[in-house]
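**Q** what follows is a predicted structure for the sequence shown.
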Amino acid sequence: DDLARRLLWDEFEVLLPGEEAARALREAYDRKFPGLYGHVAGRTVVIDAAVEAALARGLQQVVLLGAGLDSRAYRLNAPAAARWFEVDMPESQADKRRALKAAGVAADGVTFLPVNFEADSLEERLRACPEFDAGAPPESR
């Protein structure tokens, strides 16, 4: 996806194959790990659809754990009032913020919540975040 390519820093551009090489890579993966590529692609489609459906039903907050370079907050059809919480290590978030800026992608409606999953309490970090509404109705799938 174009956004994913734009979020990767320049040093990784050499790792992105052209269309023919990408097809060969998918075929090689399928030979070594039958169904893996399709599983990952299908998983993305299913998660995207579930998040969009929840937002359409009125969900106001989406918490992405280990957000890394996840691009859902920037590419899914979401109401303007929806809040996205990207939870990840501070170093990972710093890389992502630089990549978003370099790609010209606005992070409106996104709160970057730094959490060390090995040392911090996710619940405490979310409750301490002023943008997070702990009283909002939850939905998890």
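**A** The structure has been received and is ready for your questions.
**Q** right, and Phe132 touches Thr111 too?
**A** Yes - using CB atoms under 8 Å, Phe132 is in contact with Thr111, at 7.4 Å. In this view, the C-beta of every residue, glycine as well, is placed from N, C-alpha and C.
**Q** what mean pLDDT does the strand or helix carrying Ala22 have?
**A** If you go by DSSP states H and E, Ala22 is part of helix 19-32. On average, the pLDDT along helix 19-32 is 81.
**Q** so how far is it from its chain's centroid?
**A** 24 Å (CA atoms, centre = their mean, to the nearest Å).
**Q** packing partners for it?
**A** The contact analysis (3 or more CB pairs under 8 Å, 6 or more residues apart in numbering; DSSP states H and E) places helix 19-32 against helix 36-56.
**Q** what lies in contact with the helix it packs on?
**A** 26, 29-30, 62, 72, 76-79, 82, 139, 141 (CB atoms under 8 Å, 6 or more residues apart in numbering).
**Q** and it, what's buried?
**A** For helix 36-56, the neighbour count (16 or more other CB atoms under 10 Å) marks 51, 54-55 as buried.
**Q** where does this protein dip in pLDDT?
**A** Along the chain, the parts satisfying pLDDT under 70 run over 1-17, 140-141.
**Q** helices of that one, residue ranges please.
**A** 2-7, 19-32, 36-56, 72-75, 90-103, 122-128 (DSSP state H).
**Q** out of these, nearest to Gly66?
**A** Comparison of the helices of the chain against Gly66 by CB to CB identifies helix 90-103 as nearest, at 8.3 Å.
**Q** can you give me the buried ones in the closest one?
**A** The neighbour-count criterion (16+ other CB under 10 Å) identifies 92-93, 95-96, 100 as the buried residues of helix 90-103.
**Q** residue with max distance from the center of the chain?
**A** Residue farthest from the centre of the chain, counting by CA atoms, centre = their mean, is Arg31 at 28.1 Å.
**Q** and that one, how close does it get to Gly18?
**A** With distances taken as CB to CB, to the nearest Å, Arg31 is found 20 Å from Gly18.
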